[in-house]
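*Asks:* just coords:
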């Protein structure tokens with residue numbers, strides 16, 4: 001029989017009062033039974049959680065934040081509480097839902113997204129951040145929530161969606177919060193604010209070394225040559241990062257000219273695919289790519305195609321995956337090497353260089369704990385640098401040929417970047433989180449639907465958030 005973590009609650013619940021030491025001991029025994037050893041940061045985080053403190057956990061990818069979240073849910077159930085896990089994308093919510101079902105049993109875990117609802121009254125709920133934020137707006141302090149685990153909390157700074165990470169902090173003062181991300185920057189201000197709002201101690205666990213170190217390099221060879229070199233030196237699986245879905249698909253199709261998988265590997269992929277049905281034009285393209293050992297992964301794919309790519313990657317069958325920067329959102333795709341095709345992206349308003357947070361969020365996915373001794377992060381030089389390197393290589397050591405080279409420049413009006421930009425990002429710490437609070441009509445309607453004194457509640461939401469005073473006045477005028 002599986003060792004359900006829930007089974008370990010019986011002796012805890014039989015006691016006359018909640019015993020944090022007993023909760024801690026039972027959870028650690030469960031991890032040991034599964035062959036896991038807690039890192040010091042995990043141990044410290046768990047002790048704070050069972051004691052009832054808020055927790056801000058900012059440790060690198062691969063340091064076991066997911067296990068800390070499981071410990072938090074366990075501690076909540078031990079007290080008969082209702083606990084929510086939130087994530088920024090539905091794919092991650094779904095992934096966590098199935099993982100928690102395996103641990104706590106199907107009857108104890110529910111999932112709520114904009115598309116579906118499963119066991120919505122369960123004591124553990126997996127949902128998107130917006131689902132929880134709207135619940136908090138509708139019910140305020142009466143919301144049926146005792147504990148919240150907010151994964152990928154760096155989305156707090158997202159200009160479009162950050163409000164959903166802030167609203168629960170403002171409107172659920174009785175809740176224990178566990179805020180997790182690999183890239184939070186300085187959070188002392190947040191810890192102080194959180195404790196002031198819910199009268200709990202707030203522990204900050206950060207500054208931990210990665211269990212799998214990263215090696216960084218800059219490539220001036222064309223992408224297909226870089227990929228061939230990585231395959232030849234045993235540095236697969238490789239995730240090639242693009243900043244548009246179309247670019248990811250085009251790259252995958254271009255790489256079919258490279259021998260990615262052997263005959264035996266292609267046969268293994270075909271066996272793993274089995275009777276899976278590729279029912280769309282994109283699906284048929286994906287089928288051809290996958291059978292060559294190349295995956296495609298981005299948020300615009302049908303969930304069934306995205307899950308197939310993830311499952312094949314987890315089985316070690318895909319040597320190369322071409323995707324977008326959704327890789328940085330905690331999706332469980334095992335990667336040894338991250339290859340970034342650019343250090344600029346269009347953010348919906350303008351082209352700009354990646355922030356330190358974005359860069360480290362993506363590059364941190366390289367290196368598989370328990371499999372790799374190191375991860376590799378490579379940034380592909382811009383096209384004009386790659387072309388200049390090719391011309392110099394052809395010229396060899398002949399000074400006359402070198403002198404004749406007309407060096408290419410970055411396209412006029414483009415946002416330029418190069419190896420110095422790369423070096424700065426590698427050395428930089430993630431930026432401090434910045435508030436992105438908004439007030440929309442739907443938010444206002446949710447508060448009004450609460451009844452009571454909605455005008456006072458709205459004024460509190462506008463005047464007592466994390467925005468500076470001028471921005472609060474601007475929100476009030478909207």
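*Replies:* Thanks, I have it. What you see is a predicted model, and the numbers here were worked out from it, not measured in a lab.

*Asks:* test my guess that residue 402 contacts residue 393.
*Replies:* No: Residue 402 is beyond contact range of residue 393, at 10.8 Å (criterion: CB atoms under 8 Å). Backbone N, C-alpha and C define where each C-beta goes, glycine included.

*Asks:* could you check how far the residue lying farthest from the centre of the chain is from residue 350?
*Replies:* Most distant from the centre of the chain: residue 400, at 51.2 Å, with distances by CA atoms, centre = their mean. Residue 400 sits 43 Å away from residue 350, going by CB to CB, to the nearest Å.

*Asks:* related to what we said a few turns ago, so what secondary structure elements neighbour the helix or strand that contains the residue farthest from the centre of the chain?
*Replies:* Assigned by DSSP states H and E, residue 400 belongs to helix 399-404. The contact analysis (3 or more CB pairs under 8 Å, 6 or more residues apart in numbering; DSSP states H and E) places helix 399-404 against helix 383-395.

*Asks:* ok, and what's touching the helix it packs on?
*Replies:* 220-222, 380-381, 401-402, 404-405, 407-411, 418 (CB atoms under 8 Å, 6 or more residues apart in numbering).

*Asks:* let's see the pLDDT reported for residue 347.
*Replies:* For residue 347, the pLDDT comes out at 86.

*Asks:* residue 158 versus that one, what's the distance?
*Replies:* Residue 347 is 10 Å from residue 158, by CB to CB.

*Asks:* next: residue 434.
*Replies:* For residue 434 relative to residue 158 (CB to CB), the value is 10 Å.

*Asks:* swap in residue 472?
*Replies:* Applying CB to CB to residue 472 and residue 158 gives a distance of 19 Å.

*Asks:* can you check residue 256 too?
*Replies:* 35 Å.

*Asks:* and residue 158, what does it touch?
*Replies:* Residue 158 sits next to 165, 436 when contact means CB under 8 Å, 6+ apart.

*Asks:* next secondary structure element downstream of the helix holding residue 400?
*Replies:* Next element after helix 399-404 (DSSP H and E): helix 419-427.

*Asks:* buried stuff in that next one?
*Replies:* Using 16 or more other CB atoms under 10 Å as the test for burial, helix 419-427 gives 421-422, 425-426.

*Asks:* same question for stretch 179-189.
*Replies:* 179-185, 187.

*Asks:* what's the per-residue pLDDT of residue 12 here?
*Replies:* Looking at residue 12, its pLDDT is 82.

*Asks:* over to the one 5 residues further on?
*Replies:* At residue 17, the model reports a pLDDT of 83.

*Asks:* burial count for it?
*Replies:* Residues within reach of residue 17, counting by other CB atoms under 10 Å, total 4.

*Asks:* repeat that for the one 5 residues further on.
*Replies:* Other residues within reach of residue 22, judged by other CB under 10 Å, total 15.

*Asks:* pLDDT weak spots in this protein?
*Replies:* Low-confidence regions of the chain, defined by pLDDT under 70, span residues 1-3, 327-331, 406.

*Asks:* now the helices for the stretch 101-250 of the chain?
*Replies:* Using DSSP state H, counting those that start in this stretch, the helices found in the stretch 101-250 of the chain span residues 129-139, 163-171, 188-198, 223-232, 245-254.

*Asks:* make a markdown table out of the ones you listed and add distance to residue 461.
*Replies:* Formatted as a markdown table, these follow (distance: least, CB to CB, whole Å):
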| stretch | distance to residue 461 |
| --- | --- |
| helix 129-139 | 8 |
| helix 163-171 | 6 |
| helix 188-198 | 13 |
| helix 223-232 | 48 |
| helix 245-254 | 35 |
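
*Asks:* now, of those helices, which is deepest in the fold?
*Replies:* helix 163-171 (a mean of 23; mean count of other CB atoms under 10 Å).

*Asks:* ok so, going back, which of the helices of the stretch 101-250 of the chain sits closest to residue 281?
*Replies:* Residue 281 lies closest to helix 245-254 among these, at 11.6 Å (CB to CB).

*Asks:* contacts for that closest one?
*Replies:* With CB under 8 Å, 6+ apart as the test, helix 245-254 has contacts from 223-224, 240, 242, 285, 289, 294-300, 320, 322-324, 341.

*Asks:* that one to helix 223-232, inter-axis angle?
*Replies:* Angle between the axes of helix 245-254 and helix 223-232 is 60 degrees (criterion: axes from the mean of the first three to the mean of the last three CA atoms, to 10 degrees).
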